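K.L.:
give me coordinates for this.
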Amino acid sequence: FGEFMSADQAWEIQHSFPNGCSFLGIIGALDKTPLTIGTSNREMHPLLLAPANIHAGVWMKATSHSFTLAMYLPILKFHNVSPAVQAVL
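P.N.:
The predicted structure follows:
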């Protein structure tokens with residue numbers, strides 16, 4: 001399904017709630033981003049959240065401001081660990 005509420009499972013969950021309650025999904029997104037100001041050129045993954053009831057054509061536009069920043073997740077640096085082991089970690 002292309003849209004969240006077009007899936008049958010989303011409507012089944014909604015119908016299981018009492019009257020007056022509403023089901024709202026949350027979309028999470030991560031993207032590696034360099035932070036150059038005040039962080040010594042470190043890279044982090046910002047965790048972005050958006051409500052799932054917004055049409056995909058709207059929330060995919062950068063100018064819609066439909067995502068909100070929840071946190072920055074640091075990118076770990078491994079010392080003396082082989083690339084094969086890093087992939088597992």
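K.L.:
low-confidence ranges, this protein, go.
P.N.:
Low-confidence segments of the chain, defined by pLDDT under 70: 1-5, 35-41, 59, 89.
K.L.:
gap between the strand or helix carrying Ala84 and the chain center?
P.N.:
Assigned by DSSP states H and E, Ala84 falls within helix 83-88. Offset of helix 83-88 from its chain centre (C-alpha atoms, centre = their mean, to the nearest Å): 24 Å.
K.L.:
same deal with stretch 16-30?
P.N.:
Relative to its parent chain, stretch 16-30 has a centroid offset of 15 Å by C-alpha atoms, centre = their mean.
K.L.:
may I see the buried residues of that stretch?
P.N.:
For stretch 16-30, burial by neighbour count (16 or more other C-beta atoms under 10 Å) applies to Ile27. All C-beta atoms are positioned from the backbone trio N, CA, C, and that covers glycine.
K.L.:
other residues contacting that stretch?
P.N.:
Stretch 16-30 is contacted from outside by 4, 10, 13-14, 45-53, 59, 67, 70, 73, using C-beta atoms under 8 Å, 6 or more residues apart in numbering.
K.L.:
what does the longest strand anywhere in the chain contact?
P.N.:
If you go by DSSP state E, the chain has its longest strand at strand 42-51. Contacts of strand 42-51 with the rest of the structure, by C-beta under 8 Å, 6+ apart, involve 24-35, 59, 66-75.
K.L.:
note down every partner strand of that strand and its orientation.
P.N.:
Sheet pairing of strand 42-51 (DSSP bridges) gives strand 26-30 (antiparallel), strand 33-35 (antiparallel), strand 68-74 (antiparallel).
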